[in-house]
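Visitor: how would this look folded up:
(chains A, B and C)
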Amino acid sequence: MSMEDYDYLFKIVLIGNAGVGKTCLVRRFTQGLFPPGQGATIGVDFMIKTVEIKGEKVKLQIWDTAGQERFRSITQSYYRSANALILTYDITCEDSFRCLPEWLREIEQYANNQVVTILVGNKIDLVEKREVLRQRAEDFAEAQSMLYLETSAKESDNVEKLFLNLACELIREAKQNKLDNNDTAPMPGEGKTISYLSCCSLN
Amino acid sequence: MAAEELPSEFDVVILGTGLVESVVAAACSRVGQRVLHLDRRSYYAANWASFTFNGLLTWIQQHHEESQSEEVQDRSSLLEEGEELIYLCNSDSASISNLQVFCYTRETHEEEEEEAPTPDPDPADTTEVETSADGDNGVKETSETVSADSKEKETKDEASDEKEEEQSQAPHTDGEEPETAQPQPPTAPSQSEPVRKKISYTHLVKEGRRFNIDLVSKLMFSRGSLVDLLIKSNVSRYAEFKNITRILTYRNGNTEQVPCSRADVFASRQLSVVEKRKLMRFLTSCVEETEEQQVYNGRPYLEFLRDQHLGDNLQHFLLHSIAMVTEDTPTEVGLTSTRHFLRSLGRYGNTPFLFPVYGLGEIPQCFCRMCAVFGGIYCLRHSVQCLLVDKNTNRCKGVIDSRGQRISCSHFVVEDGFVSAERKKVATPPRSISRAVLITDASILPSDSDQQVSMVTVPPIAAGSPSVTMVELCSATMTCAPGTYLVHLTCQSVGSAHEDLSPVVTRMFHTSESHDQDERPSVLWCLYFNMADGSAAQVEGHDLPSNVHMCSGPDGGLGHEHAITQAQSIFDKILPQEDFCPPAPNPEDIIYTEEETKKEGVEEEEEKETTKEGEEEEEEKTNEEEKETKKEKEEEEEETKPLKEEHKAIQPEELWRAEVLDLLTQLVLVQKEAAQHQAQVVQLLGMLGTQNSQQIQDLQNMGRHQSLLVENHQALLLQTSRIANHLHDITKKPAAASQ
Amino acid sequence: MHGRLKVKSTAQQEEQKRQEREKKLKIFVAVRDACFSKRKEGIWDDEALKLTQQVLSSNPDFATLWNYRKEILMHQETVKEKDEVQTIYGAELSFLESCLQTNPKSYGSWYHRGWVSSRMPKPDWARELTLCDRCLSLDERNFHCWDYRRMVVKMSGVSVDQELAFTDRLIGSNFSNYSSWHYRSTLLPLLHPESPEPPSPCLKPAQTSPPPSPQTHSHRVCEEQLLKEYELVQNAFFTDPNDQSAWFYYRWLLGRAEREDMISCVYVSRDEERVAVAFSRPVNAQSVGLLLVLDGQPQRVEWRSVHPRFKHSPLWICDLPPGTISDISYEHNLTVHWTEKHIHRDCALYTGRTESYCRDSAMDQELFRSELSVEKTSVLQSELQSCNQLQELEPLNKWCSLTIILLMRALDPLGYEKEMLAHFQTLREVDSMRSAYYSDLCSKFMIENTILKMEYAEVRVFSISDKNLTTLCHLDQLLLVTHINLSSNQLQRLPPQFAMLQCLEVLEADNNSIENLEGLYHLPKLEEVLLKNNKISTLADLQPLASCPKLKRLDLRGNPVTQIANVESELAELLPAVKDLLL
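Guide: This is a model prediction of the structure:
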């Protein structure tokens, strides 16, 4: 624990069809790079970036699917302790949009009730190949009471904004929760530990 | 989500996502093996799975329906020369039998019952049995006979009737039409019990997603092999855990808390102070082996306990709840399990056990995630139809998947349910576990907190009955809806699950069958079934190629020792030189090199890059060791063959044979060096890890000592301050007087 | 396969850490200096708050900066609206939480938190209480938190009930916790005070352990609750007999209320025209308003303690003006008033008597046992039984043996003397490190017993030879003793308190290891001192004897001092009055 440590830690989980650019979004945001090819780096569980919002340091832990979405075999445990979900589709791929209800069903089944979900249409740099109209996606997001944003990982459009918006929303919720259940909230540090075992494993 | 083609080459193909398979998958993938992990089912974790309430209903339904033997497609056309096929069986319901569902939730006290279509509990018997249940169709008027009285009658005599009742019911219970899912209220019930059920079946279905109902009921010993593995491998970061908050036992018709930790003993109201002392003394003394104990080797533990003059209370606690053994267990075994219990005590809480939040089904999935993070490919709803076996070597060269694709591999790991009975070597008679799952409306032992997680030991309630282990989960474990409790009962089967467990259920819970009104919790819904005992299946001695490894399903024990040991031994057979599940790196310590991101596209380039690195460092060595490794090469050729073929796949094999061999030798060498190097690094890292943890332990010890010192100091300070106060008093008085 | 994983090597990590540390240090130093210069300039703005926050969050033990922060906040109070102040303090509290997270045992943070809480316009004590409970559940021995919590409880007026339940909880989770037990001992008297019947004259708990906290001295707990507490604490020490905290609490429970203030004895001697007054506790007579009335006339006397070393003493003496009472044919009535306490004691000196006294004996005062009601005695009896039970199971447990001794003392000090000695023997063996302590304690108990025996016999002879005494105590109780026999013990000195034996005529102390006679100081009646086979080595050691006017016989055989050259003449010079000198 030292000076550059964080005030909040959130686990953000990416989902969506294979090839819609989830990993690219993460790498663009965490490393400022647009990686070629596909698939996450082997052995990388999640990426971390600490951002500062209104003077508060927010550590974002961003989890990728580890390729399990390729054959629709994402483990339930992947969703379990997420604070936020980024549901991504590819605006140039109608198919990836049509799969969204299926993803929402998974979310409903396995994710926390309070999870913040944001719908992201990626690849707006390929706007000439657009297959999903913005309005359609917006309507869909609204119907599901999700936030909506269109991004380009390649051009870095809205990527920063996506994560910062999420962080703001999460802080807001966290503060809200703190007020709501005062008796369980105040001790600092709690709610930051992701896993009981990992924090106790050194005992 | 269009179905992509699977790659056709892997090092290890694994079928089944149970705990053992998943651990093996994670371990292999972690050390760089290319892993394909498949499961025929649409969910993870096989018989280790957890289901939402609705998911469980579907599962029950599937186990009734899944009876027609699948059309086995002939894949012999895919055979190459010198190969033969071993067909796998692709329905796993053989491991589950005697399914029976009871529902007690409606005001008018309905009762329904289902019975599994397979009265034959033999897990080895597979497809033929399944067909028997099929074909019968919806006779819906059978509920009167069901609700009557003696269960023995139901299960045997009226078996065929029940089947129909179940058939009619099962399609409804998939959660879409919960209202209609209710079977007709039976006319028979005569009990005039009060309607105290506020939670209706509809409610259960509505809240269904809040349930995570485990098929197998186990707990994690805080210092057991599973927890150690979770920590060692860093897989623990994927899950959260809760302490079992108390240990209970059922005795003389009462449920009592078993004092096992110091705090429990202190707080216990059932024990006299002398018993407290005796218990504490016994617990501290039995940690170490003494000559006195050795005298009792081979004699029953009960005898040893008796001779300690502990009294009935303590004897019961120690035998049934702490050692969790039976009356005739030999002393050394009893002591070993007592020690195991005690070792785990106090690491994370007042009991030795942990339970994963969201249920046990999370654990295999966590290992799967680890496997995937290291490149393992996952595919549910996808099976292996048959194995390709080289006739000469009797080794499995690859598999043919359910879509008819040929996938090569050097090892095949399979859940035992997929292996046909005639090839398996199983204990005779087949052993099984009796299971019951209850949803109740209150805790079995109400206390200040309604969020207790309890482990309950129920010694045999009559001679010849099994001793039952019961786990009661509260909603804080995220396994049941708020206001309900999820109770798992497990025992080694003597008869069917219903025969074994319903006596315990009717004694400890309020069911429609129990007439008296009391404060016992009411059962809202319950499920009985038998599951094949995984510890009955043996790892060795099956009629399978040597590079096919069979994993057993869940065993009846409370911990996970059996599964983890098995996983490790399978891994050791596949990769004898490799570390088992070394820690995954902390994502914050990973370097993202620039060239990696600069390189546009071509994957192979990266691969060369990495091999080159190894090459440069190990170049000198290579020459010297070349001769030696050449010998080894021939042995290894077998293993690395698929890899080579990948590189030269376009070339006609015959032409390039000689050159290929040459290249192969070099490749093998290079890779060997690289691997050795990596192994060294991994070893070093491991050592560092243990060093670190030791240091931390030392620090903690120091901390503890420090705090003790501080406490002494405080005591001293207190004394000093008292003296000071006196002094103060003394000096104050003259001042007061002088005024 | 692409993107093979690369993990930072340890050296890399170390290097990175080092660099980070360096960077941090630089920032730290820069920010700190900025804070100092701002303070110098007297700037109390938001930026200063921010800067100090930066430093303090990494080092919460920087007291100067906390003080600076206080100045800033106090300044803000003067310039901002009340609501705003509330917000500022609220932010301060959450900042402090993060500091406490870094170091939950930082004096600075806790102190500052207390300051902030007390200054806050609308403090949320419930929240503070939760914070404390959280903190204590992480470390139930964090005394900073205990301190802060006490303040919070006081400010928020938490009921004693709740607090007791709180200690129940903490003790339940881990009873090896002095803080909780102690807290309990302060709460119980408030919640279940002893029935308000006039307490029988009770005395200071001379031998049992003193209560763990000064404020509980005179507070006792009602019997019903006491029984519950006995049960609770028994559960603890049966569960773990090696845990001290429970035993200490137990001793507090068994302990007695403080002795009531009283004048326990007035003694008057015609020969010396001297009055001696004994008090129930050490006092400074010069300041408590001690008044001597002789035959209705207040006397102007000078009170002095028996030895110049004592400013406070349970015994004070004064000399009456010469001739006041010297005529043996007159009767005199004395009254000593302790005006401060409105207490007095009379004493009549009858015609023909050379001395007189009026007192409550140790027996009357039940000095050496607990002031027990009958029911309580049976309770103690059963406590003794359970301790004996425990001892059977744990024969080597020192706490148990010690407690048994104390219980026996409380029940029947003379009746259990033999058992007591046996238990002391065990204690010395199992806990040899503290054998000297046990010997002292045993000496004390033996002296108490001897005093009791003496008083039963109604004599003024105190004889305690061959009992392995290592120390002398309760000497104030021996004011009237004329003849004392301390032979064949292991005494090393006659302490200054020995001067309280104002009536002493004969001292037998052969066969000890006495090397110091400090206490033989101005003993007006002392005639005979027998010190055969001791360790008096210099003439200076004998110096105090010179102050005893009537000393006639002195036996120094077997002492090193006899080896000194011309010791005889030296002694003759030092003690000219001594006629019978044995060397």
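Visitor: List the buried residues for the longest helix seen in chain A?
Guide: Looking across chain A with DSSP state H, the single longest helix is helix A:159-180. Going by neighbour count (16 or more other Cβ atoms under 10 Å in any protein chain shown), the buried part of helix A:159-180 is A:159, A:162, A:163, A:164, A:166, A:167, A:169, A:170, A:171, A:173, A:174. Every C-beta, even on glycine, is put in place using the N, C-alpha and C of the backbone.
Visitor: Is whatever residue of the stretch 251-400 of chain C ends up closest to chain B in a helix, a strand, or coil?
Guide: For the stretch 251-400 of chain C, the residue closest to chain B is residue C:287, as judged by Cβ to the nearest Cβ, at 4.0 Å. Judged by DSSP: H, G, I helix; E, B strand; the rest coil, the three-state class of residue C:287 is coil.
Visitor: What number of residues are in the vicinity of it?
Guide: A count of nearby residues for residue C:287, using other Cβ atoms under 10 Å in any protein chain shown, gives 18.
Visitor: Could you do residue B:277 as well?
Guide: If you count neighbours by other Cβ under 10 Å, residue B:277 ends up with 22.
Visitor: ok, now residue C:131?
Guide: Counted with other Cβ under 10 Å, residue C:131 comes out at 23.
Visitor: Please report how far it lies from chain A.
Guide: To chain A, residue C:131 is 5 Å away according to Cβ to the nearest Cβ, to the nearest Å.
Visitor: Averaged pLDDT, the helix or strand containing that residue. What do you get?
Guide: Assigned by DSSP states H and E, residue C:131 belongs to helix C:125-138. What helix C:125-138 shows for mean pLDDT is 84.
Visitor: and that helix, what does it pack onto?
Guide: Under the contact criterion of 3 or more Cβ pairs under 8 Å, 6 or more residues apart in numbering or on different chains; DSSP states H and E, helix C:125-138 touches helix C:143-156, helix C:160-173.
Visitor: tell me which residues of the first one are tucked away?
Guide: Same thing as helix C:143-156. Taking 16+ other Cβ under 10 Å as the criterion, helix C:143-156 shows C:143, C:144, C:145, C:146, C:147, C:148, C:149, C:151, C:152, C:153 as buried.
Visitor: any idea which helix is longest in chain C?
Guide: Max-length helix for chain C by DSSP H is helix C:10-40.
Visitor: Just the buried residues of it, please?
Guide: Result for helix C:10-40 [16+ other Cβ under 10 Å]: buried residues C:28, C:31, C:32, C:34, C:35, C:38, C:39.
Visitor: Are stretch B:246-264 and chain A in contact anywhere?
Guide: No. Stretch B:246-264 stays clear of chain A (Cβ under 8 Å from any Cβ of the partner chain), getting no nearer than 15.9 Å.
Visitor: got the CA coordinates for that stretch in PDB?
Guide: The C-alpha coordinates for stretch B:246-264 follow below in PDB (Å, rounded to 0.1, in the frame of the first residue of the first chain):
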ATOM      1  CA  ARG B 246     -20.500 -24.600  12.200                       C
ATOM      2  CA  ILE B 247     -20.400 -28.400  12.500                       C
ATOM      3  CA  LEU B 248     -23.500 -30.100  13.800                       C
ATOM      4  CA  THR B 249     -24.400 -33.600  14.600                       C
ATOM      5  CA  TYR B 250     -27.600 -35.500  15.000                       C
ATOM      6  CA  ARG B 251     -27.800 -37.300  18.200                       C
ATOM      7  CA  ASN B 252     -30.600 -38.800  20.400                       C
ATOM      8  CA  GLY B 253     -33.100 -37.000  18.200                       C
ATOM      9  CA  ASN B 254     -31.500 -33.600  18.600                       C
ATOM     10  CA  THR B 255     -29.300 -31.600  16.400                       C
ATOM     11  CA  GLU B 256     -26.400 -30.300  18.400                       C
ATOM     12  CA  GLN B 257     -23.400 -28.100  17.600                       C
ATOM     13  CA  VAL B 258     -20.100 -29.900  17.700                       C
ATOM     14  CA  PRO B 259     -17.500 -27.800  19.400                       C
ATOM     15  CA  CYS B 260     -14.300 -28.100  17.500                       C
ATOM     16  CA  SER B 261     -12.400 -24.900  17.700                       C
ATOM     17  CA  ARG B 262     -11.200 -23.300  20.900                       C
ATOM     18  CA  ALA B 263     -13.900 -20.600  20.600                       C
ATOM     19  CA  ASP B 264     -16.600 -23.300  20.100                       C
END
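Visitor: pLDDT weak spots in chain A?
Guide: Applying pLDDT under 70 to chain A picks out residues A:1-5, A:36-41, A:178-203.
Visitor: So which bits of the stretch 251-400 of chain C are right by chain B?
Guide: So far as Cβ under 8 Å from any Cβ goes, the stretch 251-400 of chain C lies against chain B at C:283-284, C:286-289, C:311-312, C:340, C:386, C:389-390, C:393-394.
Visitor: So which of those residues sit within helices?
Guide: Cross-referencing these against helices under DSSP H gives C:386, C:389, C:390, C:393.
Visitor: Now the spatially closest residue to the second one that is not a sequence neighbour: which helix or strand?
Guide: Counting by Cβ to Cβ, 6 or more residues apart in numbering or on different chains, the nearest residue to residue C:389 once its immediate chain neighbours are dropped is residue B:274, at 5.8 Å. Assigned by DSSP H and E, residue B:274 falls within helix B:273-285.
Visitor: what about the strands in chain A?
Guide: Along chain A, the stretches classed as strands by DSSP state E are A:8-16, A:46-53, A:56-63, A:84-90, A:116-122, A:147-150.
Visitor: Select, out of these, the one closest to chain B.
Guide: Closest to chain B of those is strand A:46-53 (Cβ to the nearest Cβ; 5.2 Å).
Visitor: Run through chain B and note the low-pLDDT ranges.
Guide: B:1-3, B:66-72, B:91-93, B:106-198, B:426-427, B:513-518, B:537-540, B:592-663, B:733-739.
Visitor: The longest helix along it: how far from the chain's middle?
Guide: Longest helix of chain B, by residue count under DSSP H: helix B:653-738. On the basis of Cα atoms, centre = their mean, to the nearest Å, helix B:653-738 sits 30 Å off its chain's mean C-alpha point.
Visitor: thinking again about what came up before, turn the helices and strands packed on helix C:125-138 into CSV, columns for distance to residue A:125 and mean pLDDT.
Guide: Output for those, formatted as CSV (distance: least, Cβ to Cβ, whole Å; pLDDT from 0 to 100):
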stretch, distance to residue A:125, mean pLDDT
helix C:143-156, 56, 86
helix C:160-173, 59, 86
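Visitor: near chain A too, which of the buried residues of helix C:143-156?
Guide: Of the buried residues of helix C:143-156, not one also sits near chain A (Cβ under 8 Å from any Cβ).
Visitor: Between helix B:273-285 and the one helix or strand residue C:378 maps to, find me the angle.
Guide: Element membership for residue C:378, per DSSP H and E: helix C:374-393. Angle between the axes of helix C:374-393 and helix B:273-285 is 30 degrees (criterion: axes from the mean of the first three to the mean of the last three Cα atoms, to 10 degrees).
Visitor: right, and the helix or strand after the helix holding residue B:274?
Guide: Next along from helix B:273-285, by DSSP H and E: helix B:291-295.
Visitor: contacts for that following helix?
Guide: Under the contact criterion Cβ atoms under 8 Å, 6 or more residues apart in numbering or on different chains, helix B:291-295 has outside partners B:286, B:304, B:331, B:332, B:335.
Visitor: what do you get for stretch C:115-131?
Guide: Residues outside stretch C:115-131 that contact it (Cβ under 8 Å, 6+ apart) are A:182-183, A:186-187, C:70, C:73, C:77, C:82, C:85-86, C:89-90, C:92-93, C:96-97, C:148-149, C:151-153, C:155-156, C:158.
Visitor: Would you mind measuring the gap between the ends of it?
Guide: Taking Cα to Cα, to the nearest Å, stretch C:115-131 runs 16 Å from one end to the other.
Visitor: Same question for stretch C:335-347.
Guide: 6 Å.
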